[in-house]
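Chemist: Structure, please.
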Amino acid sequence: MPPARLPVPPPSETEIQPPGVPGLSGLLTLAVGVVILAALYVGQDVFLPVVLAILLAFVLAPFVDLMRKWHLGRVTSVIIAVLVTLGIIVSLGGLIGFQLAGLASDIPRYQTTIERKVGSLREGTLGKLPTMLRDFGRRFDKAVGEQPAEAQAPASPSAAAPAPEEPKPMPVEVHEPEPTPAQVARNFLLPLLEPLATMGIVFVVLVFILMQREDLRDRMIRLFGSSDLHRTTAAMDDGARRLSRYFLTQLALNAAFGLVAGIGLWLIGVPSPALWGVFAALMRFVPYIGSFVAAAPPILLAAAVDPGWSMALMTLALFVIGEPLMGHVVEPIVYGQSTGLSPFAVVISAIFWTWIWGPVGLLIATPLTLCLVVLGRHVERLEFLDVLLGDRPALTPAENLYQRMLAGDPDEALDSAEILLKERSLTSYYDEVALKGLQLAANDATRGVLTHRQLDQVRDVIKALVQDLGSHEDVEPPPHETADEPVAPPPSEKPAIKGPAVVGEMPHEDKISEAWKAEGAVMCIAGRGPLDEAASEMLAQLLNKHGLGSRLVPHEAVSRSAIYNLDMTGVQMVCISYLEISGTPAHLRYLLRRLRKKAPKAPILVGLWPAEDAVLKSETMRATLGADYYVSSMRDAVVQCLKAATGEEQLPEAVTTGQAANGAAAGKRLPLPA
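Modeler: Okay, the predicted model is just below:
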């Protein structure tokens, strides 16, 4: 007989279940990631030219489109754009070569100046510093009673005797034969073959990309978004347009910075100013440290050229003033907003691409990572790239509010709410953030994953939040223009116009009768869910802000045993709030019957805040329940209450999804806020 099993105690509130073993899908994803990393590292000679060609295509695409508007053919436009780019690169390469050659011929003179300055420093205070330190050490040892090392070691007669001199080695000189012309050509040309071959591959691939942009776009659409051609096409076109404009703007700004730096160094008198201007323009593509790296060589060169220190100090001032001016004044004005990359992602991407592709990877790390973020924001299958590398919050406002509820942090929840209220009304915030956050909590409570302590924290935080927002008026904030950042969502994903505040469309309070203004005129009853009372409190607050008297009633007060003691005097309308109705809503039907008996003349509105609830979709179920109005947003509930209070049918229609018992028609849904 097998031994009886002991009962397993239920997990405590603080116990965390161990993570499960990763499945086959997770292992396949890991394997694919490892293969991609190995391919990028091993196939550097193949992938690097292709990536450079893609980035150059983004820069040249507007130029090609402009020439095509001038009625030039596609082939002609592409050839002109590629030849102009090739000419600029060759010219810059030749300029850098001549500048380096002239700089190398003057190195002995610069070395003499450096040695003279180092000698003067040794003769000055810095040179006397080691002697002063040794003297201080001796005095310190004497003060603590230690004898010098020379007094402790007795003199030895044999140590004073001079050692016999060793014979000096014979000097040997090795003379190599003069290199032949073939060897000179080989030593000079071999280092140039690899970059020349890479540049040739880049321009060949660039020509094909510019010639077949639409075909490549269609293939990407087929690969990532063939199920929704319209949305994916708009996303790809919009993303490519934004990237082209951003890269072209960044190239222009960096070139302008390099030009200003070169002119400034020329005026200061630093040798090879064109070289350092090009170097400064290139290094500005390196995030955070690029400008510091670009400033170091000309500062050292200025110190080597000038016998004094004035030239080095002026060069330092040029970069110290120029870089903050460009980075914190000019770029914010031009870009308007951030590029869409988080600072942590910029640093990690610079390290990663430098490890993969060396110095060239460091230069293209930021543009390449930005391309990946745009793909993640526009292609659903690559959304993880936007989550990992983008600067958008990883959680939606509703998810962030729910997380703050679980953490029991009302101050952080209020801070986030005040930020969102700068661009939307209070009604919009309750509909799109607070209610959705409460729905997340209600779903978890229904599944039994919330402990009693967590559920109490959620109630306390949302109650404190609603009370703190009581001082905010339900008005639409003034609109403000936003910059066209490169990683903005495509037009197909942009939300509809946010639902406006109700106050701008409702009649003045003098049209509302005194009976509706009295306290308790609209009775807001909470459903039987653990968080329905919070939703009712939001509705009651909004009704008060629009001139209607409201009263919050818990669900226990309308139970079978307690409803007979409920005071319904002066009640003009009843609003019931439900965050979730699962299964057949028999309890709601019987609740409506009890309320009909208690207040037969008061219209009843049921707020089913999850818009996808089955009751909102089934006319038969709505008719069985018997309420007058069904709404799925706070704004629609306030609109319907104000319509009932004023009797005006010309007001904006609410979402009455079912036929009202008194014959009210269903209206059209207003656009919800983003």
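
Chemist: Point out where the stretch 251-400 of the chain drops to low pLDDT.
Modeler: Across the stretch 251-400 of the chain, the ranges flagged by pLDDT under 70 are 335-339.

Chemist: That one: helices as residue ranges?
Modeler: Ranges of helices in the stretch 251-400 of the chain, per DSSP state H, counting those that start in this stretch, are 273-283, 290-305, 310-325, 331-335, 343-363, 365-378, 383-389, 397-407.

Chemist: Could you pull out the helices in the stretch 501-650 of the chain for me?
Modeler: Using DSSP H, counting those that start in this stretch, the helices of the stretch 501-650 of the chain run over residues 514-517, 532-545, 586-598, 614-617, 619-625, 634-646.

Chemist: how about a markdown table for the ones you listed, with distance to residue 241 added?
Modeler: For the C-beta atoms, the positions are set from N, CA and C on the backbone; glycine is no exception. Below are the helices of the stretch 501-650 of the chain laid out as a markdown table (distance: least, Cβ to Cβ, whole Å):
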| stretch | distance to residue 241 |
| --- | --- |
| helix 514-517 | 53 |
| helix 532-545 | 41 |
| helix 586-598 | 51 |
| helix 614-617 | 39 |
| helix 619-625 | 46 |
| helix 634-646 | 35 |
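
Chemist: and these, which one's lowest on average pLDDT?
Modeler: Of all those, helix 614-617 carries the lowest average pLDDT, namely a mean of 63.

Chemist: re earlier: now render the helices of the stretch 251-400 of the chain as a markdown table, adding mean neighbour count and distance to residue 264.
Modeler: Listed next are the helices of the stretch 251-400 of the chain as a markdown table, based on neighbours: other Cβ atoms under 10 Å; distance: least, Cβ to Cβ, whole Å:
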| stretch | mean neighbour count | distance to residue 264 |
| --- | --- | --- |
| helix 273-283 | 22 | 8 |
| helix 290-305 | 19 | 10 |
| helix 310-325 | 17 | 5 |
| helix 331-335 | 13 | 19 |
| helix 343-363 | 17 | 23 |
| helix 365-378 | 23 | 25 |
| helix 383-389 | 16 | 35 |
| helix 397-407 | 20 | 46 |
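
Chemist: picking up where we left off before, among the helices of the stretch 501-650 of the chain, show me which one is buried the most.
Modeler: helix 634-646 (a mean of 26; mean count of other Cβ atoms under 10 Å).

Chemist: Would you mind extracting the C-alpha trace of that helix into CSV?
Modeler: In CSV, the C-alpha atoms belonging to helix 634-646 read as follows (Å, rounded to 0.1, in the frame of the first residue of the first chain):
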residue,chain,number,x,y,z
MET,A,634,-16.7,57.8,-19.2
ARG,A,635,-17.3,60.5,-21.8
ASP,A,636,-20.3,58.8,-23.2
ALA,A,637,-21.7,58.3,-19.7
VAL,A,638,-21.4,62.1,-18.9
VAL,A,639,-22.8,63.0,-22.3
GLN,A,640,-25.8,60.8,-21.8
CYS,A,641,-26.4,62.1,-18.3
LEU,A,642,-26.2,65.7,-19.5
LYS,A,643,-28.6,65.0,-22.3
ALA,A,644,-31.1,63.5,-19.9
ALA,A,645,-30.6,66.5,-17.5
THR,A,646,-31.2,69.2,-20.3
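
Chemist: same for it, what does it pack against?
Modeler: Here helix 634-646 is seen to pack against helix 426-429, helix 532-545, strand 573-578, strand 604-608, strand 629-631 when contacts are counted using 3 or more Cβ pairs under 8 Å, 6 or more residues apart in numbering; DSSP states H and E.

Chemist: what angle do that helix and helix 532-545 make?
Modeler: 50 degrees (axes from the mean of the first three to the mean of the last three Cα atoms, to 10 degrees).

Chemist: quick check: angle from helix 634-646 to strand 604-608?
Modeler: Going by the same axes, to 10 degrees, helix 634-646 makes 170 degrees with strand 604-608.

Chemist: Off-centre distance for helix 634-646?
Modeler: 38 Å (Cα atoms, centre = their mean, to the nearest Å).

Chemist: And for stretch 41-58?
Modeler: Worked out by Cα atoms, centre = their mean, stretch 41-58 lies 25 Å from the chain centre.

Chemist: domains in this protein, as residue ranges please.
Modeler: For the chain, the structural domains run 28-122+193-211, 213-389, 397-476, 509-646, going by automatic domain parsing.

Chemist: Can you lay out the ones you listed as CSV showing distance to residue 180?
Modeler: Converted to CSV, the domains of the chain look like this (distance: least, Cβ to Cβ, whole Å):
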stretch, distance to residue 180
domain 28-122+193-211, 19
domain 213-389, 32
domain 397-476, 73
domain 509-646, 83
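
Chemist: Compare these and give me the one nearest residue 177.
Modeler: Of all the domains of the chain, it is domain 28-122+193-211 that lies closest to residue 177, at 24.6 Å by Cβ to Cβ.

Chemist: What is the end-to-end distance of that closest one?
Modeler: End-to-end distance of domain 28-122+193-211 (Cα to Cα, to the nearest Å): 36 Å.

Chemist: same check, this time on stretch 302-309
Modeler: Distance across stretch 302-309, first residue to last, is 8 Å (Cα to Cα).

Chemist: Need the contact partners of it.
Modeler: Residues from elsewhere that reach stretch 302-309 (Cβ atoms under 8 Å, 6 or more residues apart in numbering): 110-111, 113-114, 116-117, 268-271, 311-312, 314-315.
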